[in-house]
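In: Quick one, structure for this:
(one chain, ligands or ions: 1)
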Amino acid sequence: MGNEKKEPYEMVDTQYYSEWYNQVIESSELTDKRYPVKGMNIWRPYGWKLMWNIDSETRSHMRRTGHHEVKFPLLIPEDEFQKEADHIKGFDDEVYWVTRAGRNELDIPLLLRPTSETAMYPVFDLWVRSHADLPLKIFQMVDVFRYETKQTRAFTRMREIHFFEAHTCHETSEDAEEQIREDLEIMEDLSRKLCLPNLELKRTEWDKFPGAEYTVGVDSLLPTGRLLQIAGIHQYKTNFAQAYDIRYEDVEGEHRFVHQTTYGMSARLIGAIIGIHGDEKGIVLPPAVAPIQVRIIPITYGEKESEILDYCDDLKERLGSAGFRVDIDDREDVRPGSKFYDSEMKGIPIRVDIGSQELEQKSITLVRRDHGDKKEYGHQEVVERVREECEAMEEDMYSKAEDFLQKNMVDAEDLSDIVEEKVYRIGWCGSRGCGENIEESTDRHILGTLYQGEEYQGKCLNCGDENADAAYLCKKE
Ligand code: ZN
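Out: Purely as a prediction, here's the structure:
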């Protein structure tokens, strides 16, 4: 059982977590869930800026690695959707349909994309002619729609989902494998910036993406003891290429199917940041993506008001010119205590307090959101100190979350050991029968084996086979 209070990097009671989460996402003005369609929330300006900053990080990696941004239509014709059998089976229950336009029934019903394979691949067939067209590397950031039947939750379980999806085509299976390694390197870098340590797990056969040869799920541990998937990277081999007839002419003039991969992420990244780093005071945002990185708070109590405000303006000017996202909370008739509270609730990484003492001493008082310690510096150092503190904060947030993950991963040698809300490392022979038995008897999911592999000595928890691999068993968010 977890705490009844949200301390960062500690387990918290599930019911309490849920109430806390819903409250902080509203108080911090990220989202408004009063829109009258279940699972479809409004992005408020502060939340949308946060998402936009995360997307910008992703975009810069995509550009660096030779991907091109596209935007495909939202609607997909039913007959295109139905070409890959496993894919349809996987998504059929989750699809929203458009069957009428004006007063007319449509000849071919259209669906709202749940993901874009079936929108893109009929066109890939036209775009890819020869080996000179490969690799094809594209991505888009759009909303996808899935009819979620469980209780919805902002950012992590929605019906309208802000989604990033990269799709690639390659000549060979090895080229596609290389792409997956590149995706995982991008993920590693993003994880640092977003302060989201994770496990890269090769999913079980029965939990892979519908239509994929294999799936690597990237999972972060929430303080409820459940793993939240924050990204998925999929090797399709030629499964979709065969269904959509995507072939290229190789150097010998032979027509071959392309090998494909995808890489997906969503607004869940925000859900993970909030859940992992937030506390009783509100959310805590990683400096790299925070919409406001520094907030300056003038503390005037009626004295030297204009001098203090000028002093604040000068600091803002200097931080802004150095590239920081900075503002001043100069609201009149709001007490400093309430301004501190707002800054904490919104998770602004650095607060700079300026009162008459700072004005006289030509100093600044700098407060970090994560640990709340106050430090005094000379005003000349402001840019340098803010930069240092942002870097240190990113590192501290990542390493504390990493410690939390490590501390809550335990080995289990017997099914009866599996009782707590933790990530269990278990022996598993790899058979579906054993896997499903283990899942059923523990009421947890096998989230897979480490993508990079690991040494393991132990028996399958179900059949006792000595040549078992290490698998990770946990509840899923
Ligand atoms: Zn077994």
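In: now Phe404, what's its secondary structure?
Out: Put simply, Phe404 is helix when judged by DSSP: H, G, I helix; E, B strand; the rest coil.
In: ugh, typo on my part, it should be Leu227
Out: Assignment for Leu227 (three-state DSSP): strand.
In: Share the number of residues neighbouring the closest residue to it other than its chain neighbours, please.
Out: Of all residues not flanking Leu227 in the chain, Asp219 sits nearest, at 4.1 Å (Cβ to Cβ, 6 or more residues apart in numbering). (Glycine included, C-beta is placed from N, CA and C.) If you count neighbours by other Cβ atoms under 10 Å, Asp219 ends up with 26.
In: Just the closest residue of the stretch 51-200 of the chain to the ion, please.
Out: Leu199 (21.7 Å; Cβ to the ion).
In: can you pull out the helices in the stretch 201-350 of the chain?
Out: 239-244, 268-277, 305-321, 336-345 (DSSP state H, counting those that start in this stretch).
In: Could you list every helix and strand that the second one packs against?
Out: Contacting helix 268-277 under the criterion 3 or more Cβ pairs under 8 Å, 6 or more residues apart in numbering; DSSP states H and E are the following elements: helix 14-27, helix 45-64, helix 173-194, strand 214-221, strand 226-237, helix 382-407.
In: and after the last one, which helix or strand comes next?
Out: So that's helix 382-407. With elements assigned by DSSP states H and E, the helix or strand that comes after helix 382-407 is strand 409-411.
In: Who are the packing partners of the next helix or strand after that next one?
Out: Next helix or strand after strand 409-411 toward the C-terminus (DSSP H and E): strand 423-428. Contacts defined by 3+ Cβ pairs under 8 Å, 6+ apart place strand 423-428 against strand 409-411, helix 432-442, strand 469-476.
In: what bridges to Val142?
Out: Phe163 (DSSP bridges).
In: In contact with it, which residues?
Out: Lys71, Phe72, Leu74, Arg113, Ser116, Phe163, Glu165 (Cβ atoms under 8 Å, 6 or more residues apart in numbering).
In: Can you tell me which of these are buried?
Out: Listed as buried from those are Phe72, Leu74, Arg113, Ser116, Phe163, Glu165; burial here means 16 or more other Cβ atoms under 10 Å.
In: which strand residues sit across from the nearest residue to Ala241 once chain neighbours are set aside in the sheet?
Out: Spatial nearest neighbour of Ala241, excluding adjacent residues (Cβ to Cβ, 6+ apart): Phe257 at 3.9 Å. Assessed by DSSP bridges, Phe257 has beta-bridge partners Arg247.
In: and what of His445?
Out: Going by DSSP bridges, His445 forms beta bridges with Cys474.
In: Roughly how far does the spatially most central residue of the chain sit from Val386?
Out: Nearest to the geometric centre of the chain sits Leu269, at 2.1 Å (Cα atoms, centre = their mean). For Leu269, the distance to Val386 (Cβ to Cβ, to the nearest Å) stands at 24 Å.
In: again, but for Arg129
Out: Computed as Cβ to Cβ, the Arg129 to Val386 distance reads 52 Å.
In: more crowded one of the two?
Out: When neighbours are counted by other Cβ under 10 Å, Arg129 and Val386 differ, and Val386 comes out ahead with 25 against 13.
In: Val294 is in contact with the more buried one, correct?
Out: Yes: using Cβ atoms under 8 Å, Val386 is in contact with Val294, at 5.8 Å.
In: For the residue nearest to Leu227, which residues count as its bridge partners?
Out: Leu199, Gln229.
In: Mind listing the residues bridging to the closest residue to Arg59 other than its chain neighbours?
Out: Among residues not flanking Arg59 along the chain, Glu69 sits closest, at 7.2 Å (Cβ to Cβ, 6+ apart). As for beta bridges, Glu69 partners with Phe139 under DSSP bridges.
In: Now do the same contact list for the residue in the stretch 151-300 of the chain that the ion sits nearest to.
Out: In the stretch 151-300 of the chain, the residue that lies nearest the ion is Thr204 (12.7 Å; Cβ to the ion). Residues near Thr204 by Cβ under 8 Å, 6+ apart: Arg432, Gly435, Ile446, Gly448.
In: Gly448 versus that one, what's the distance?
Out: Thr204 is 6 Å from Gly448, by Cβ to Cβ.
In: And Asp353, by the same measure?
Out: Per Cβ to Cβ, Asp353 is found 47 Å from Gly448.
In: so Asn41 sits right up against Lys33, yeah?
Out: Yes: counting by Cβ under 8 Å, Asn41 touches Lys33, with 4.7 Å between them.
In: With neighbour numbers in mind, choose between the two.
Out: Each of Asn41 and Lys33 has its neighbours counted (other Cβ under 10 Å); Asn41 has more, 23 against 16.
In: And the closest residue to Asp403 other than its chain neighbours, how close does it get to Thr442?
Out: Excluding the flanking residues, the one nearest Asp403 by Cβ to Cβ, 6+ apart is Tyr9, at 6.9 Å. With distances taken as Cβ to Cβ, Tyr9 is found 25 Å from Thr442.
In: shared neighbours, Asn41 and Lys33?
Out: Ala154.
In: show me what contacts Cys169?
Out: Listed by Cβ under 8 Å, 6+ apart, the contact set of Cys169 reads Phe124, Val128, Leu134, Pro135, Leu136, Ala241, Ile246, Tyr248, Val258, His259, Gln260.
In: Share the number of residues neighbouring the residue nearest to Arg59, please.
Out: 12.
In: Wait, it touches Thr58, no?
Out: No: using Cβ under 8 Å, Glu69 is not in contact with Thr58, being 10.4 Å away.
In: Can you work out which residues contact both of those two?
Out: What both Glu69 and Thr58 touch, as defined by Cβ under 8 Å, 6+ apart, is the set Met141.
In: could you dump the helices and strands packed on helix 268-277 to CSV with mean pLDDT and distance to Met345?
Out: Listed next are these as CSV, based on pLDDT from 0 to 100; distance: least, Cβ to Cβ, whole Å:
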stretch, mean pLDDT, distance to Met345
helix 14-27, 96, 5
helix 45-64, 98, 11
helix 173-194, 98, 20
strand 214-221, 98, 23
strand 226-237, 98, 23
helix 382-407, 98, 17
